[in-house]
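**Student:** Model the structure of this input:
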Amino acid sequence: MSDPAEILVIFPEPDRSTIHRIGNFGEDVWTTHRENRRADVYLGEVDTATDRIRLEVRRGEVTRERKHLAKIIERHLRTGECLVSDREARGLHRCD
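**Tutor:** Okay, the predicted model is just below:
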C-alpha cells in the first residue's frame, strides 16, 4: 500500500476483560479487511494487542473506514471504552 493513512483504535484503560474483547474486536476488524481491502490489518499485531489496534488505510478511504469501524466497535465494545485517532481528524475522538 503506497503512503497509507493510519487509524488507531486506542483503549486507554484496558483491564483483563477488556483485553479479551480487544482481541475479539481485532479479529473481526482483520477478517473484515481481509475481504474488503480498504485497509491492512496485521494479524500478528492483533494477536498481541493489549491497548490498541492499528489499521493502514488506503488514501481516500479514511472517512468511510471510520464509519465502518464505528459499527464494529458498537458490536464489540461498551460506549466510550476506546478512542479513535487518525491524522486527517487531527486528534482523538471517543467511540460513542
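**Student:** Quick check: mean pLDDT of the biggest helix by length in the chain?
**Tutor:** Using DSSP state H, we find that the single longest helix of the chain is helix 16-36. Mean per-residue pLDDT for helix 16-36: 87.
**Student:** same for it, what does it pack against?
**Tutor:** If you count contacts as 3 or more Cβ pairs under 8 Å, 6 or more residues apart in numbering; DSSP states H and E, helix 16-36 packs onto helix 43-48, strand 52-57, helix 62-76. No exception for glycine: its C-beta is placed from N, CA and C like everyone else's.
**Student:** Using PDB, write down the CA coordinates of it.
**Tutor:** The C-alpha trace of helix 16-36 is given here as PDB (Å, rounded to 0.1, in the frame of the first residue of the first chain):
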ATOM      1  CA  ARG A  16      -8.400  -8.200  31.900                       C
ATOM      2  CA  SER A  17     -11.900  -8.500  30.400                       C
ATOM      3  CA  THR A  18     -11.200  -5.500  28.000                       C
ATOM      4  CA  ILE A  19      -8.100  -7.200  26.700                       C
ATOM      5  CA  HIS A  20     -10.100 -10.300  25.700                       C
ATOM      6  CA  ARG A  21     -12.700  -8.100  23.900                       C
ATOM      7  CA  ILE A  22      -9.800  -6.100  22.200                       C
ATOM      8  CA  GLY A  23      -8.700  -9.400  20.700                       C
ATOM      9  CA  ASN A  24     -12.200 -10.400  19.500                       C
ATOM     10  CA  PHE A  25     -12.600  -6.900  18.100                       C
ATOM     11  CA  GLY A  26      -9.300  -7.000  16.400                       C
ATOM     12  CA  GLU A  27     -10.000 -10.400  14.800                       C
ATOM     13  CA  ASP A  28     -13.300  -9.000  13.500                       C
ATOM     14  CA  VAL A  29     -11.500  -6.000  12.100                       C
ATOM     15  CA  TRP A  30      -8.900  -8.200  10.500                       C
ATOM     16  CA  THR A  31     -11.500 -10.600   8.900                       C
ATOM     17  CA  THR A  32     -13.500  -7.700   7.500                       C
ATOM     18  CA  HIS A  33     -10.500  -6.000   6.000                       C
ATOM     19  CA  ARG A  34      -9.100  -9.200   4.500                       C
ATOM     20  CA  GLU A  35     -12.300  -9.200   2.500                       C
ATOM     21  CA  ASN A  36     -12.800  -5.500   1.600                       C
END
